[in-house]
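> Okay, sequence plus prediction incoming.
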Amino acid sequence: MKNLLSAFTIALAMTGVQASAQDVAAMNDLEFAHIAYTADNIDIRYAHLALALSDNPKIHEFANTMIRDHTAVNEAALGLLEKLGATAQDNAVSQSLNANAEEIIDGFVKLRGAEFDAAYAANELAYHQSVNDLVENTMIPNIDNAEVKALFVEGLEIFKAHETHAEMMVKALK
């Protein structure tokens with residue numbers, strides 16, 4: 001069950017982002033902002049679920065880091081949008097991310113203990129790999145506004161550290 005769910009969550013996390021990468025490059029900065037904001041909120045939801053379902057202190061530490069860092073980046077993004085007098089624009093990629101997240105959460109709530117911890121860690125690794133790749137290789141090269149680009153670059157640095165942390169969690173839980 002654990003391996004099946006881990007494979008399922010990884011596939012969902014990756015499909016929702018990578019399948020749409022070619023379409024993302026044609027989007028505008030406000031659509032990029034919505035995708036990033038959505039991805040951050042999803043990871044915050046996953047983290048709250050981890051705090052509720054896991055007893056593992058390392059999982060709790062990671063989840064609290066996710067909540068803190070993703071909330072901070074979203075607050076900075078909202079502040080920048082307000083400064084620019086702009087509103088993030090919902091799009092098909094954001095909607096796909098949300099739909100996939102619901103399926104992943106539905107799978108998570110059925111797990112407990114080490115099984116949940118392994119699935120959560122594997123999903124966090126796959127999620128950060130996919131989103132970081134999309135941000136680095138598709139969004140950042142196509143962002144027009146210098147301030148928006150700077151915020152994405154700064155956020156990517158933080159989220160690459162999350163990816164490394166998630167990779168260490170996956171190894172430690174094997």
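Yep, it's here. Numbers count the residues shown, from 1 in each chain.
> Under the pLDDT cut-off, which ranges of the chain? List them.
Scanning the chain with the threshold set as pLDDT under 70 gives 1-22.
> for it, what spans make up the helices?
Ranges of helices in the chain, per DSSP state H, are 2-18, 21-24, 29-53, 57-84, 92-108, 113-134, 146-173.
> So for residue 140, which of those sits nearest?
helix 146-173 (5.2 Å; CB to CB). No exception for glycine: its C-beta is placed from N, CA and C like everyone else's.
> Pull out the buried residues from that closest one.
Within helix 146-173, the residues that count as buried by 16 or more other CB atoms under 10 Å are 148-149, 151-152, 155-156, 159, 162-163, 165-166, 169-170, 173.
> how big is the angle separating that helix from helix 113-134?
150 degrees (axes from the mean of the first three to the mean of the last three CA atoms, to 10 degrees).
> just checking, what packs against helix 146-173?
On a contact count with 3 or more CB pairs under 8 Å, 6 or more residues apart in numbering; DSSP states H and E, helix 146-173 meets helix 29-53, helix 57-84, helix 113-134.
> which strands and helices sit next to the first one?
Using 3+ CB pairs under 8 Å, 6+ apart as the contact criterion, the elements in contact with helix 29-53 are helix 57-84, helix 92-108, helix 113-134, helix 146-173.
> Comparing these, which comes out most buried?
Most buried of the helices and strands packed on helix 29-53, by mean neighbour count (mean count of other CB atoms under 10 Å): helix 113-134, with a mean of 22.
> can you tell me how far the residue lying farthest from the centre of the chain sits from residue 143?
Computed with CA atoms, centre = their mean, the residue of the chain farthest from its C-alpha average is residue 85, at 25.6 Å. Residue 85 sits 17 Å away from residue 143, going by CB to CB, to the nearest Å.
> So residue 170 is in contact with residue 119, correct?
No: at 10.4 Å, residue 170 and residue 119 do not qualify as touching, with contact defined as CB atoms under 8 Å.
> what's the closest of the helices and strands packed on helix 146-173 to residue 95?
Residue 95 sits nearest to helix 29-53 of all these, at 8.4 Å, using CB to CB.
> Give me the angle between the closest one and helix 57-84.
Interaxial angle of helix 29-53 relative to helix 57-84 (the same axes, to 10 degrees): 150 degrees.
> and helix 29-53 with helix 92-108, angle?
With the same axes, to 10 degrees applied, the angle from helix 29-53 to helix 92-108 works out at 10 degrees.
> Residue 102 is nearest to which of the helices and strands packed on helix 146-173?
helix 29-53 (9.5 Å).
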